[in-house]
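# Quick one, what's the 3D model for this:
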Amino acid sequence: MKKRKGITGRVLLVAVIATMLAATACSSNSGNKGGDNASPQNSASGPAVSSESATPNTEADPFGKYDPAIIVNTAVNVSPSTKYAPGESPESNVWTKEFEKDLGIKLKFSWSVPSEQWNDKINVAIASNDLPDMIMVNDSQMKQLVESDAIADLTEAYNKFASPLLKKYMQSYEGKVLGAATFDGKIMGIPPLAPVVGQSLMVWIRKDWLDNLGQPDPASFDDILRIAEAFTTSDPDGNGKPDTFGIGINKDTVKSLAGFMSAYNAYPTYWLKTADGKLAYGSIQPETKAALTELQQLYKDGVVDKEFGVKDAAKMNEDVAAGKFGILFGNQSTPISPLTGSLKNDPNANWLPYPITTIDGSPYRTPLNAKPSSFLVAKKGVKNPEVVVKAANLYIEKFYGEHATADDYNRLKIAQVDDGKGGKMKIETFLYAPVRVENPDKAIAAYQHVNQALSDGKTDILTVEEQDYYDAVKKYMESKDVDSWGYYRIYGPAPSSYSVISDYYVKNNSFVYNEFTGAATDTMSQKKSTLDKMEAEVFTQIIMGESLDKFDKFVSDWKSLGGEQIASEVNEWYAKQ
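Numbering: from 1, shown residues only. Purely as a prediction, here's the structure:
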């Protein structure tokens, strides 16, 4: 099998994609060779293991194989949507075999539960001190385990055994990913790399409506506002009825208006670094008030649907499909939903993405949240916590390392197996891996590879996943297949989602991060839901015409009802990072 071309280093910015969706883990020896794991065992934690252990090798080999093989107790959540090839299961599959073959790690499963029961099972295991050797936990569970001194400090294991690629990936997004797993300077878990660059915000506009009205493409945010008014008042669909609105939003104002707000340098729900080096809550800043002021005027002028306050995202999507809106603030996935519905109802609908600019002409920054949602941790007392680090090394090496091959990709990432009906079906075998750390440049690389293949006709550069994108893009280009349009507009030639991200945001490093990546503070756990509800209600009320003084009262109430204490706790956390 020919070697597949690597994608490390092809992209200018460390960007997205990473997942750690399966909750499993492992533990072992600290050297390159060793015997069975000698961690303390509880009666319910799975098979007991031998206490035999070989002398650790002083050389820290990121890919060193344990010989004899070691046993590692872990657990797995089982999603009903996960498919397994014939003869395989969560406990025995291509990845469990790969770990034993390449690393000398025999995974033993203490228990498995359906995904919806996973957190409850973990909470019970934490309460009874009955964790497997290594396990995936969420951020609040991670915090609890750290505070109770129940998991291992992985700092030494990470520093000694992490491969160069793992260290590079873990420094993505200004180091915030690994920072989320760091407590008082100690690395306590291996976090996933969440899909981050795909969160980048952009504005989607019906180009056919622009053309109908003889309007040029927007060059500033003032142009966006002008276009929104024209889409409301000038009958852009030509049906002779005043039945269109400029900007589509729904009752989830904080989410559906994030792109609009960012044009005013406003970032609700984000914790932002201030000039004094501390963190401040974005929702209570003057910039947010300025954005709400503009939205109030747009609502008054009819540019925003008068009924947005009672419409959820699904209802707004129905209105998009029905041709009610000409502007949406969304992200890279917006073409899949809701824009494809618009095309199915109106073949002339031509939605194009544009980068957002600021109202005051300052450099634009799109908000990104790099906070991991889960962490792979080692139970305190295991002899060899570096196994989880080596497992992450292996995953990365198989797909992105110097010796990555198409054969490995087609077995361990996305495999084609017999469907039992004389055909083939694709299986996402990467879901079986106990640790998954993807190349953070993966999505932008896919965009680059797809367009390179479209240009030169050579598809050998494509991974199996990229081939699917390429096939969809080419299908739309050749047959105008509506169901393929979403991928065409995401990964295809400019203007597309990733052309905006790559050519504008990445090129100009136009990102602002949520600086708080820790678990919920004590006061957050008690009061955040109440404060969030108040925030959403006040934003809606202001947009619909209530006095702007209500924003100032909201700020005061937010602080007195727990926000000020939350800010103190957030900054206490930040000072330790």
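
# Point out where the stretch 151-300 of the chain drops to low pLDDT.
Within the stretch 151-300 of the chain, the segments meeting pLDDT under 70 span 194.

# please redo it, this time with the cut-off set to 80
Low-confidence segments of the stretch 151-300 of the chain, defined by pLDDT under 80, span residues 193-195.

# Show me the helices in it, by range?
Assigned by DSSP state H, counting those that start in this stretch, the helices in the stretch 151-300 of the chain fall at 155-161, 164-170, 176-180, 207-212, 221-233, 253-256, 258-262, 286-300.

# Could you name the residue of this structure that is farthest from its center?
Gly240 (43.0 Å; Cα atoms, centre = their mean).

# ok, it to Lys255 distance?
Taking Cβ to Cβ, to the nearest Å as the measure, Gly240 falls 34 Å from Lys255. Where C-beta positions appear, they are placed from N, C-alpha and C, glycine not excepted.

# before we move on, what about Val512?
17 Å.

# hang on, Tyr267 packs against Ile284?
No. Tyr267 is not in contact with Ile284 according to Cβ atoms under 8 Å; the separation is 11.2 Å.

# Tell me which of those two has more neighbours.
The neighbour comparison of Tyr267 against Ile284 (other Cβ atoms under 10 Å) goes to Tyr267, with 23 against 19.

# How many residues are close by the residue nearest to that one when sequence neighbours are not counted?
Sequence neighbours aside, Gly282 is the residue nearest to Tyr267 in space, at 3.9 Å (criterion: Cβ to Cβ, 6 or more residues apart in numbering). Residue neighbour count, defined by other Cβ under 10 Å, stands at 20 for Gly282.

# likewise Phe516?
25.

# residues in contact with it?
Trp271, Leu279, Lys371, Val570, Trp573, Tyr574 (Cβ atoms under 8 Å, 6 or more residues apart in numbering).

# where does this protein dip in pLDDT?
For the chain (pLDDT under 80), the answer is 1-59, 193-195, 435.

# quick one, domains of it?
Following automatic domain parsing, one finds the domains of the chain at 13-194+373-439, 199-368+514-575, 440-509.

# Show me which of the contacts of Phe516 is closest to Gly401.
Checking the contacts of Phe516 against Gly401 by Cβ to Cβ gives Lys371 as the nearest, at 27.0 Å.

# Just list the residues touching the closest one, thanks.
Counting by Cβ under 8 Å, 6+ apart, Lys371 has contacts Asp139, Lys176, Ala180, Ala194, Asn514, Phe516, Thr517.

# Could you dump those into JSON lines and include distance to Lys559?
Formatted as JSON lines, the contacts of Lys371 follow (distance: Cβ to Cβ, whole Å):
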{"residue": "Asp139", "distance to Lys559": "25"}
{"residue": "Lys176", "distance to Lys559": "26"}
{"residue": "Ala180", "distance to Lys559": "26"}
{"residue": "Ala194", "distance to Lys559": "30"}
{"residue": "Asn514", "distance to Lys559": "20"}
{"residue": "Phe516", "distance to Lys559": "17"}
{"residue": "Thr517", "distance to Lys559": "23"}
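
# residues of the one helix or strand Met477 maps to that come out buried?
Using DSSP states H and E, Met477 sits in helix 464-479. Neighbour-count burial for helix 464-479, counted by 16 or more other Cβ atoms under 10 Å, picks out Glu465, Glu466, Gln467, Asp468, Tyr469, Tyr470, Ala472, Val473, Lys474, Lys475, Tyr476.

# Thank you kindly, that will do.
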